[in-house]
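Undergrad: With the sequence up front, the predicted model follows.
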Amino acid sequence: MIELIGRYMISQVHNSGVFKIDDTDFGIGKVDLKIDNGVIVSLTIVGDDKIHKSITAEENGKWYWTLHPPKIYFREIPFNQSNDRIEIEITEELLDEYDIALYLMEHYDLNGTLIVSDSHIMIYGKIDICGKTHAIEIMTEYA
């Protein structure tokens, strides 16, 4: 079991997991997580570049206008750990205080939940992109 309160870091290129916006799964390309003494110093999850290219190949597709896969990031987020996991509610107040966003050609705020355990990272909630609300679901496992 990983002690999430102390220092912990992963950096993995993934080929498994889910990075869904509505019904479109961009896959998982890379995950970087750095935790240091009660703070998520940095968490970045990027969609898979090959999957993104296949999704955007259609000129009239839903995501044709995106040049890069989506990327979600969290910076310098303090947390309290309970039940061997970190669970953070992403609210408007948290977004005002900390650097949290989805980057997809622009930076977009999200509302939802982040869960980090010793085996996976999960993010789910809602995000407004270009004035339209979308469901977001990210799930990745690591060793």
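TA: Yes, it's here. Keep in mind that this is a model prediction, so the values were computed, not measured. Residues are numbered from 1 along each chain as shown.
Undergrad: Endpoint to endpoint, stretch 78-91 covers what distance?
TA: End-to-end distance of stretch 78-91 (CA to CA, to the nearest Å): 14 Å.
Undergrad: any idea how far that stretch is from the chain center?
TA: Remark: stretch 78-91 is offset 15 Å from the chain centroid, using CA atoms, centre = their mean, to the nearest Å.
Undergrad: Likewise for stretch 62-78?
TA: Stretch 62-78 sits 8 Å away from the centroid of its parent chain (CA atoms, centre = their mean).
Undergrad: For it, list every residue counted as buried.
TA: Within stretch 62-78, the residues that qualify as buried are Trp63, Thr66, Pro69, Pro70, Lys71, Ile72, Tyr73, Phe74, Ile77, counting by 16 or more other CB atoms under 10 Å. The C-beta positions use only the backbone N, C-alpha and C, and glycine is treated the same way.
Undergrad: how long is that stretch end to end?
TA: One end of stretch 62-78 to the other measures 36 Å (CA to CA).
Undergrad: repeat for stretch 41-54
TA: Stretch 41-54 has an end-to-end distance of 33 Å (CA to CA).
Undergrad: which residues touch that stretch?
TA: Identification of contacts with stretch 41-54 by CB atoms under 8 Å, 6 or more residues apart in numbering yields 14-15, 19, 25-35, 63, 66, 68-77, 114, 116, 121, 123, 138, 140.
Undergrad: hmm, back to that, could the buried residues of stretch 62-78 be laid out in TSV, adding secondary structure and distance to Lys50?
TA: Shown next, in TSV, are the buried residues of stretch 62-78 (DSSP: H, G, I helix; E, B strand; the rest coil; distance: CB to CB, whole Å):
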residue	secondary structure	distance to Lys50
Trp63	coil	14
Thr66	coil	14
Pro69	coil	9
Pro70	coil	14
Lys71	strand	15
Ile72	strand	19
Tyr73	strand	21
Phe74	strand	25
Ile77	strand	30
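Undergrad: Make a markdown table out of the residues you listed and add pLDDT and distance to Tyr103.
TA: Below are these laid out as a markdown table (pLDDT from 0 to 100; distance: CB to CB, whole Å):
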| residue | pLDDT | distance to Tyr103 |
| --- | --- | --- |
| Trp63 | 93 | 14 |
| Thr66 | 94 | 10 |
| Pro69 | 97 | 10 |
| Pro70 | 97 | 7 |
| Lys71 | 97 | 5 |
| Ile72 | 97 | 8 |
| Tyr73 | 97 | 7 |
| Phe74 | 97 | 12 |
| Ile77 | 95 | 17 |
